[in-house]
Each structure stands twice: as structure tokens, then as C-alpha cells.
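Participant: show me the folded form of this:
(one chain, ligands or ions: 1)
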Amino acid sequence: MINDVAIYRIFEIINRFWDFSQNPLTLHKPNLMSKKNTKYIFVTGGVTSSLGKGIVSASLGLLLKSRGFNVTIQKLDPYINIDPGTLNPYEHGECYVTEDGAETDLDLGHYERFLDSATSQNNNVTTGKIYQTVIEKERKGDFLGKTVQVIPHITNEIKRRIKILAKENYDIIITEIGGTVGDIESLPYIESVRQLRWELGENNSMVIHLTLLPYLAASGELKTKPSQHSVRQLMESGIQADVLVCRTEHKITKEIKAKLAQFCNVPAENVIESIDVETIYQVPLELQKQKFDEVVLKELALPFNQESDLKDWKNFLKKYKNPKKKVEIALVGKYVSLQDSYKSIAEAFIHAGASQDTEVKLRWVYSGDLTEENLAENFNGIDGMLIAPGFGDRGIEGKILAAKFARENKIPLLGICLGMQIMTIEFARNVLGLKDANSAEFDLTTKNPVISLMEEQKNVVDKGGTMRLGAWKCQLKPHTKLIEIYGNKNITERHRHRYEFNSDYLDDFEKNGLYASGINPDTKLVETLELRNHPFYIGVQYHPEYKSTVATPHPLFVALVKAATEK
Ligand code: GLN
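Facilitator: I've put the predicted structure just below:
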């Protein structure tokens, strides 16, 4: 049966051969003229920050993908850092790493977890990157003597970065603009959206504005005035919002929708409620109930008669909400007062737990407080442990104590990146008897640097973007737990670190039971360690958490949850 999506695809194929893009008359009619008629959705935020633009964007992406569209999501961050790689997690939460080695905003993690597709360098743009590119061009003389200005040079670069994704053959690009409308930092982005909307022509782009309806307990009312103001502020910048998504703690009445519609120039059905729900994974379904995806497709003049298929998503939610078992896993780290710092790890446990019909309760343990004396109390009753990634020496000795506790008490333990390095140091000190064993990151003078700096890293001075980053190959050895877990000999996983297992010590480790089960086939670096005669004691130099999605829970997290259940 030929439906609208099929017809749309046929048009696309015709368009690819029939390229009218050179004709200036086509400027306002790109519909049938451009090679691929990519549609653009811009998501802005008003009233306050932290309203969850990332989750709304990811949810919309999922809804559109479930109707057969090829969608990607991009984040524009208005700060001047080139990327969040050098930011303290307390400032900006976890730094998320893509396959191609970009250090990015944690929202990209949500995009990947919801859409189950990889993002790249192009999916995260910062003001730092924009200015760096423009200034480099200026130094080369590319502007031919012209004065370089925010408009047009900075805005042109922003527009180029938005449109660059269209080359990757997407039907729809969702661009989330960080910050809040009215911020000085956001102005060039908002202006770029204004220009792009005009250039792209009717029905090829839209703006979704996420806003807050505060609840006044004293009068028992939801208030619309802040939203009216933020929509007006957008209009002052030349942008009319097409859809309002309203964050709220209480149900929005028809009257409130009508009022917002009237004051903000949008149809009432384009006012969408985004009420607080118990899990972020519920959000797409709440939005779908209000036909959010249909409203969006209508605005973009896209066909929507292909039923959306969220069967697997609903199944995941059902399992997540109705667990049959429960385990408690200690997450040992140093940023435990801010759980956003370990976002991908926490989410990976949700995916893995649901797949096993198991509720995974995380016990956040601050490693800086751990001592020999309080270990047993801190880990009392836990079924598993994860030692988190990290940088710097704060809380290191506590993590070493935790690794020893898990090793001696046969508690399933997964060490990620720094976590694996900690397991190495602990084993060297307490089993191999190398009392001063350490990582060169924490003690440059140690005689036993069991974790050391790679040769290529020795002359690196800059901190930003210079670690071993992104996807690297790893080959798993036969008869190891890991090959059983992955069901595959050749894997690739994402990295973000400077220091490595020092292979000079490998023989000694292996003779004593801690063996390398995965090796990088090109560099021969040790990527994974496993302990013999222990139910689950695995350290990985890479970050499995970045690759876990709702559709594809990561096998290592699944295996840890299983091991914890068996304990
Ligand atoms: N600090 C360690 C290194 O640079 C580990 C980094 C991490 O855990 N991501 O090698």
C-alpha cells in the first residue's frame, strides 16, 4: 500500500536528480527544489533554565523516528568553552563522549539513549567553537579586508553548523538552543534562527518554545504571565513560536490553553502540557497522548499517516515499572552530591535493570569518606559495586579500599576507566606486594607506576581535547567472562583518559590471577582486566555507559545486574 511517507520518499528521489538549487527564484520554495528537503525544528527555552529541553527534544525525536523519519538532534551551547571537556562535572554535569571522540554536553547522551542512534562532533556546537572558526578564518585573511562582526560572520557560522547535518541525509534536524531566551549569550543563536526561518521558507522550519507555568499554592492557580513574557521576548527578536510546551506540576485546563493560545498567537492544540512524571522515559508517551508529533508534522507539512510504533518502548517502561527482583548497587565516586555527574551510568543501570525485570537501586557512596573502619557499614547489604570514572587524586584511597572490599568479599564489581585503574593499583599493593604502586597521575615519583602515561601523551601540554577519545577497537580473548558477556570477539568502545595500564607489569598480574581479557589489536594496550576465582571482578579502560540505550542495554551492565541478582 502506498502511503504519504512512500510518496514523500518518491518525491525525494526525483528531487535528487532534479536539482534546481542554482535558480535564485527557488529561494523561498525549497520544497521540491533542494536535493533533500530536510526540515528544521528549533527548540528554545523561556522563564528558567533546567526545564528539560533535552528530554523534550529527545522525546520528539523518538516520536518522529517511530513514524519512519530519519531524525537527528543537535545542541547549541552558548558558553565560550570550546567543549565541556575541561568543565568540572559540578558545573555542567557529565561530559558525554561520541563515537568520533567529541567531548559533549550530557544532553547528547539523552538523544542517543532515546533514538538509539549515534551522534557526532556536528551534534554539539558551542560559542567557543563558533568564534574559534571565525577567528581562524580571519587570521587566514578569508574575509578579504572586511570588518568581522556578529552579524553576519558569527551568525553565518552558526547557520553553517546547523545546516551541516543536512548533508548526512536526515529528514528532520532538531536543534536545541541552550540557555534561556533573553540571555545575552543566546542572542546570536536566536538571530541565526530568525534568519534561517526566513531563508528556509514556509513549512520547512518551526520553533517549539519550552516554558514554565508556575503554580501559586496560595491562590491555587497556574500562572501564564511568565510564559506570555518569554514568548513576547522571542517575538522582539523576530521569532514567533509555533508550539508551546509547558512544564507544569499540575494539569493544564482548557481555559489555560485557550488563554496561552490567545496571548501567544498559537492554535490551542499547539499548547502542549509537559507535566512532571516519575521517569523521563514516560515523557514521549505523555507528549504523544496530546498528539505532539502530529502537531509538529502538520507545521512542517509532513505526512503522518504511518502509525507510530512505540511497542518496544512501552514494553521497556512496563518492565521498568513492574520489577520482579531488586538489587542494590553501590556507586563509588567523588561527585556523589551531584548525580548528573554520572548520568550515563545511572541511565545504563535503568536500561539493564528493566531488561532483567530487576529494580536497580543505586547507593551513592562518596569515596572521600571511606576508611578501613567504616567500609563494612558503608557497603552493608549491597549486591554489587561500580567504581566510577574520574580525574585527580581526591577520594582515591577510599576507592582503593572499596576495590579491596569487593575483591575479598566476592562482591560483583565493575570498574570503569579510573575504576579499572584503581583495581590495578589495589591489586599491585595488596596482592603483588608493591606497597608504593600508584598511577603516575597521582604520584609522579612512585617506583611502581602500574598506571602510566602513554608515550604519545608525554609531550601534551593542552588539557582540552587531547586525551584518548572516542571509539577504539578491542579484541577479547577466548575463555574469558567478557567474550561470554559480549558474545563477540571484536568490540569497539568509547574512551576518555590519558593514563593506561602499564604492560611492563602484566606478567606479574596475570600470574597472580588478574589477567588482561581484552587488548587493543593495534596498540596492544590492555583494555580490560578480570580476576580469576571471583564471580564478577571486571575493570574496563573504556566507558560502556555511553553506548547503553533503551533499545540496546549495554551487555556489561546487564551482566553486572545479573551477577548482583545471583549474589
Ligand atoms: N584520570 C584517568 C585518566 O586520565 C581516568 C579518566 C576517566 O576515568 N575517564 O586516565
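Participant: pLDDT score assigned to the residue nearest the centre of the chain?
Facilitator: Centre of the chain computed as the mean C-alpha position; nearest residue by CA atoms, centre = their mean is residue 109, 1.2 Å away. Confidence at residue 109, expressed as pLDDT, is 97.
Participant: which element follows the helix or strand containing it toward the C-terminus?
Facilitator: Element membership for residue 109 (DSSP states H and E) is helix 107-115. Reading on from helix 107-115 to the C-terminus, the next helix or strand found by DSSP H and E is strand 124-126.
Participant: that following strand packs against which elements?
Facilitator: Using 3 or more CB pairs under 8 Å, 6 or more residues apart in numbering; DSSP states H and E, the elements in contact with strand 124-126 are strand 71-77, helix 155-163. Backbone N, C-alpha and C define where each C-beta goes, glycine included.
Participant: parallel or antiparallel, list what pairs with it.
Facilitator: Partner strands and pairing direction for strand 124-126 (DSSP bridges) are strand 71-77 (parallel).
Participant: and for the strand it pairs with, what's in contact with it?
Facilitator: With CB atoms under 8 Å, 6 or more residues apart in numbering as the contact definition, strand 71-77 has outside contacts at 54, 57-58, 61, 64-65, 84, 104-105, 107-108, 111, 115, 117, 119, 122-127, 158, 161-162, 165, 168, 170-179, 189.
Participant: how many other residues sit next to the residue lying closest to residue 188 once chain neighbours are set aside?
Facilitator: Once its chain neighbours are removed from consideration, residue 188 has its nearest residue in residue 154; the separation is 5.1 Å (CB to CB, 6 or more residues apart in numbering). Neighbouring residues of residue 154 were enumerated by other CB atoms under 10 Å; the total is 21.
Participant: ok, residue 154 touching residue 189?
Facilitator: No - the pair residue 154 / residue 189 is not scored as a contact, 9.6 Å apart, by CB atoms under 8 Å.
Participant: tell me which residue of the stretch 251-400 of the chain lies closest to the ligand.
Facilitator: At 3.0 Å from the ligand, residue 389 is the closest residue in the stretch 251-400 of the chain, using CB to the nearest ligand atom.
Participant: hang on, the earlier thing: generate a ChimeraX selection restricted to the buried entries among the contacts of strand 71-77.
Facilitator: In ChimeraX, the members of the contacts of strand 71-77 classed as buried (16 or more other CB atoms under 10 Å) are selected with the following command:
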select :54,57,58,61,64,65,84,104,105,107,108,111,115,119,122,123,124,125,126,127,158,161,162,165,170,171,172,173,174,175,176,177,178,179,189
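Participant: how about the residue nearest to the centre of the chain, nearest residue that isn't a chain neighbour?
Facilitator: residue 96 (4.4 Å).
Participant: again, but for residue 275
Facilitator: Leaving aside its sequence neighbours, residue 275 sits nearest to residue 248 (CB to CB, 6+ apart; 5.6 Å).
Participant: doesn't residue 273 make contact with that neighbour?
Facilitator: Yes - contact status for residue 248 versus residue 273: in contact at 6.2 Å, counting by CB under 8 Å.
Participant: what about the helices in the stretch 51-200 of the chain?
Facilitator: 53-65, 89-92, 107-115, 127-140, 155-163, 187-200 (DSSP state H, counting those that start in this stretch).
Participant: any chance of the ones you listed in JSON lines, plus distance to the ligand?
Facilitator: Shown next, in JSON lines, are these (distance: least, CB to the nearest ligand atom, whole Å):
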{"stretch": "helix 53-65", "distance to the ligand": "22"}
{"stretch": "helix 89-92", "distance to the ligand": "11"}
{"stretch": "helix 107-115", "distance to the ligand": "15"}
{"stretch": "helix 127-140", "distance to the ligand": "22"}
{"stretch": "helix 155-163", "distance to the ligand": "27"}
{"stretch": "helix 187-200", "distance to the ligand": "30"}
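Participant: rank these by pLDDT, which is bottom?
Facilitator: Among these, helix 89-92 carries the lowest mean pLDDT, a mean of 78.
Participant: what comes up buried for that helix?
Facilitator: When burial is assessed from 16+ other CB under 10 Å, helix 89-92 yields the following buried residues: 89, 92.
Participant: and what of stretch 304-323?
Facilitator: Those would be 304, 308, 310, 313, 316, 317, 319, 320, for stretch 304-323 by 16+ other CB under 10 Å.
Participant: ok, back up a step: give the contact list for the residue nearest to the centre of the chain.
Facilitator: Residues counted as contacts of residue 109 (CB under 8 Å, 6+ apart) are 94, 96, 343, 344, 347, 546.
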